[in-house]
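S.K.: Here is my input; please provide its structure:
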Amino acid sequence: MNPIATTVTEAAVPASAVRERQELTAPEKKRGFRYGWYCFIKRVFDIVSSLCALVILSPVILIACFAKWVEDGHAPLYISKRVGKDGKLFRFWKIRTMCPDADKMKQQLIDMGLNEADPPAFKMKNDPRITRVGRFLRKFSIDEIPQLLNVLNGTMSVVGPRPPLPNEVEQYTEVQRHRLDVKGGLLCFWQLRKDRNKLPFDDWCRLDFEYIEKQSIGLDLKIIFVGAWRVLFDHSGE
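M.R.: Below you'll find the predicted structure:
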């Protein structure tokens with residue numbers, strides 16, 4: 001394993017945030033000129049980085065969409081509703097990685113007790129809904145590239161808590177809803193952990209809350225660096 005990436009991961013995601021089992025408490029909201037300046041710089045970075053990435057990765061998006069269409073003949077893009085900052089709904093873009101009736105099958109899998117994540121989240125290591133092409137796209141996070149459109153239009157950011165589904169938010173406690181105090185993002189603390197799919201949802205929230213309280217340009221760059229390394233070279237969290 002790359003020692004540099006390991007060091008950055010440990011610095012970015014303190015183990016104490018997961019070891020502690022104290023009651024979940026809401027993060028302190030940041031205000032003031034300094035935070036406003038940070039938000040401005042972050043938005044400029046989001047616009048420039050997402051626009052450049054979309055231009056560079058457009059051939060990858062086209063090839064992936066074509067491969068998915070050839071596989072099953074259905075629309076390759078999947079557009080769903082997600083919950084963004086302050087509970088606002090927005091259109092969330094992905095390249096489809098599942099069979100066409102995946103949404104209907106999800107509840108069946110939950111009823112069968114096959115959800116391997118802590119509710120309200122849903123995860124399955126060997127999800128039967130994922131197609132062969134979809135599994136490859138997920139392995140390298142190619143299916144997530146269209147979310148750069150969400151970053152460009154301001155409904156998401158490069159770094160922030162992953163935006164949840166509306167039915168997941170309906171199950172949130174009042175404290176857990178503070179995940180929505182900031183824009184959702186492509187990368188977050190939770191995704192950088194090897195054991196991310198084994199974390200209880202409250203620990204997931206703790207990591208998001210820690211990010212909300214410690215937001216800074218330096219922290220965002222650490223998360224981007226480690227996140228890119230994980231996507232390209234380390235798939236141990238799958």
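
S.K.: Check for me that Phe92 belongs to a strand.
M.R.: Yes: remark: Phe92 belongs to a strand, assigned using DSSP: H, G, I helix; E, B strand; the rest coil.

S.K.: Just list whatever residues bridge to the closest residue to it other than its chain neighbours.
M.R.: On the basis of Cβ to Cβ, 6 or more residues apart in numbering, the spatially nearest residue to Phe92 that is not a chain neighbour turns out to be Arg82, at 4.0 Å. Yep, even glycine has a C-beta here, placed from its N, CA and C like the rest. In this structure, Arg82 bridges to Phe90 when assessed by DSSP bridges.

S.K.: what about Arg82, how many residues close to it?
M.R.: Neighbour count of Arg82, defined by other Cβ atoms under 10 Å: 22.

S.K.: Let me know the pLDDT of Arg19.
M.R.: The predicted structure scores Arg19 at 43 on the pLDDT scale.

S.K.: helix/strand/coil for the residue nearest the centre of the chain?
M.R.: Nearest to the mean C-alpha position of the chain, counting by Cα atoms, centre = their mean, stands Arg162 at 3.5 Å. The three-state label given to Arg162 by three-state DSSP is coil.

S.K.: ok, now which ones touch it?
M.R.: Applying Cβ atoms under 8 Å, 6 or more residues apart in numbering, one finds that Arg162 lies in contact with Gly184, Gly185, Cys188, Trp190, Gln191.

S.K.: measure it to Met156 for me?
M.R.: Arg162 sits at a distance of 9 Å from Met156 (criterion: Cβ to Cβ, to the nearest Å).
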